[in-house]
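Q: A structural model of the following input is requested.
(one chain, ligands or ions: 2)
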Amino acid sequence: MGKKKVILDCDPGIDDAFAILLAAQHLDVLGVTTIGGNSPLENVTRNALKVLEVAGVADDVGVYPGHSCPMVAPLVTAPSVHGADGLGGACVPPPTHVAQDKHGVDFIVDTVMGTDDVTLIATGPLTNIAAAINREPRIVDRVREICIMGGSVTLGNWTPVAEFNIYVDPEAAARVFRSGAHIKMCGLNLTRQCGFTPETVARFRSIGTQAADFAARITDFGVASSVSRHQPPRAYMHDACAVAWEIDQTLIAAAPMHIDVELSGTYTRGMTVCDYRHLCGTQPVVDIERTAQMGPQGEAPNAEAALDLDYGRFLDLVCTTLANYQ
Ligand code: RIB
Ligand code: CA
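A: Ligands and ions are numbered 1, 2, ... in the order given. So this is what the prediction gives:
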C-alpha cells in the first residue's frame, strides 16, 4: 500500500518542524500550507521552506501561504516559546526555495476536490481549514479525516482551559468541529506526554546527520525557553504527535466523544468542551443506553480524542527518521 496522502497545515514553530520532518519521510505530503500562529505568516512560511530543505524534499513539496490572521480575533503569536523568527534562531541558512503563488486555502480546496482519500493534518490555528470548508463544503465528505493538534480533553496552556491553536481562532475551530468531517483531536492531554529534555537533545546530537543536528538545535532552544514554564525544563512536541498518529495508529490510544468549542465564555473562550462522561461510568440520568454515546447537548460523538501516547516508540520513530535523513 502507498503512503498516506496528506496536506500539512502548519505554523512552524519548533514542534511543527518535527511534524514536517516526520511527514516528509513517512507520508505522501501533497503540499504544506502555512498559517499565522506561532509567528507571523511571513516567518512560518520561510520556516516551512527551511525545514523542507533540511528534509531534502523542497523541490517536490510546495509551500502555499494561507491566512495571516484569524477569522475574527486579532492574531496572537508565541515568540516566548518559538523565538522571534519562529524556529528558535535555528541558525540555518535562509531557504533557497520560494513559496507558491497559490493561496493555501485554494490549494486545500483544489487538491481535495481533485484527489481522493486526502488526510488534512492541522498543527496551527484552524483558519485555513475553516476557510476551505466555507469555500467548498463538499471537502468535508471528500477528506479521509482531519487530524488536529489542538484543544485538550483536560487542561489548557494559553489559558487554564484553552490550548493555543484553538485559542488563536476559536471561530475557525468551532467551524471545523461542527463541520461533520471525521475529526481526530490530538490535544494537550496527549501531547504533554511528549516532552523532549536535554537528554533527548544529546540523543539527537549522537545521530550525526544534518537533520538530527538541526533537530538538536531547535529542541535546545525549546528546552531552554521552557525553564520559565516547566520544571524540569522540557520542550513539548505537540505537532509531531499528530503526524505520528497518522503514521502509526498504534502509537496513540483514543476514544470517541462529543467535542465543541466555547466562543463566549469570559474565562473559557477557546476551550474544547469534551464530553467523556461515557468513559467514566458516569452517564447522564435520562436514557443510559441512548446517552452512552451522547454529548452534553445530546449529540453523538463527533471526534476521536487522543488519550495515551506510547512515548518510547514515538521517540524511536523520531530518532530513526532523523537518522534516515542526510
Ligand atoms: O499549543 C501547542 C500548539 O500551539 C502547537 O501547534 C504549537 O506549535 C503551537 O502552534
Ligand atoms: Ca503548531
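Q: Check the offset of stretch 41-51 from the chain's centre.
A: 16 Å (Cα atoms, centre = their mean, to the nearest Å).
Q: Can I get that stretch in CSV, CA atoms only?
A: What follows is stretch 41-51, C-alpha atoms only, in CSV (Å, rounded to 0.1, in the frame of the first residue of the first chain):
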residue,chain,number,x,y,z
LEU,A,41,2.8,34.3,8.2
GLU,A,42,6.0,35.5,6.6
ASN,A,43,8.1,33.8,9.2
VAL,A,44,6.2,30.5,9.3
THR,A,45,6.2,30.3,5.5
ARG,A,46,10.0,30.9,5.4
ASN,A,47,10.5,28.3,8.2
ALA,A,48,8.4,25.7,6.4
LEU,A,49,10.6,26.1,3.3
LYS,A,50,13.7,25.8,5.5
VAL,A,51,12.6,22.6,7.1
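Q: Please see if it touches ligand 2.
A: No: judged by Cβ under 5 Å from the ion, stretch 41-51 and ligand 2 are separated, with a smallest distance of 8.6 Å. Every residue, glycine included, has its C-beta placed from N, CA and C.
Q: Which positions within that stretch qualify as buried?
A: Buried residues in stretch 41-51, defined by neighbour count with 16 or more other Cβ atoms under 10 Å: 41, 43, 44, 45, 46, 47, 48, 49, 50, 51.
Q: Can you tell me the closest non-neighbouring residue to the most centrally placed residue in the chain?
A: Centrality entry for the chain: nearest residue to the mean C-alpha point is residue 123, 2.1 Å, by Cα atoms, centre = their mean. Spatial nearest neighbour of residue 123, chain neighbours left out: residue 239 (3.6 Å); criterion: Cβ to Cβ, 6 or more residues apart in numbering.
Q: measure that neighbour to ligand 2 for me?
A: 5 Å (Cβ to the ion, to the nearest Å).
Q: Same check on residue 313?
A: Applying Cβ to the ion, one obtains 22 Å for the distance of residue 313 from ligand 2.
Q: my guess is that residue contacts residue 251, does it?
A: Yes: Residue 313 lies in contact with residue 251 (Cβ atoms under 8 Å); the separation is 5.9 Å.
Q: who has more neighbours, the two?
A: residue 251 (19 against 12; other Cβ atoms under 10 Å).
Q: wait, what's in contact with that one?
A: 244, 245, 309, 310, 313, 314, 317 (Cβ atoms under 8 Å, 6 or more residues apart in numbering).
Q: redo that, cut-off 10 Å
A: 241, 244, 245, 306, 308, 309, 310, 311, 312, 313, 314, 317 (Cβ atoms under 10 Å, 6 or more residues apart in numbering).
Q: List, one by one, the residues from this structure near ligand 2.
A: 11, 13, 16, 123, 124, 239.
Q: just to revisit the earlier point, save the buried residues of stretch 41-51 as TSV, and put in pLDDT, distance to residue 74 and secondary structure too.
A: As requested, the buried residues of stretch 41-51 are exported to TSV (pLDDT from 0 to 100; distance: Cβ to Cβ, whole Å; DSSP: H, G, I helix; E, B strand; the rest coil):
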residue	pLDDT	distance to residue 74	secondary structure
41	98	14	helix
43	96	17	helix
44	97	17	helix
45	98	20	helix
46	96	22	helix
47	97	22	helix
48	98	23	helix
49	98	26	helix
50	96	27	helix
51	97	27	helix
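Q: Grab the nearest non-local neighbour of residue 69.
A: In space, residue 69 is closest to residue 75, 4.4 Å off (Cβ to Cβ, 6+ apart).
Q: what do you get for residue 268?
A: Using Cβ to Cβ, 6+ apart, the closest residue to residue 268 is residue 262 (4.5 Å).
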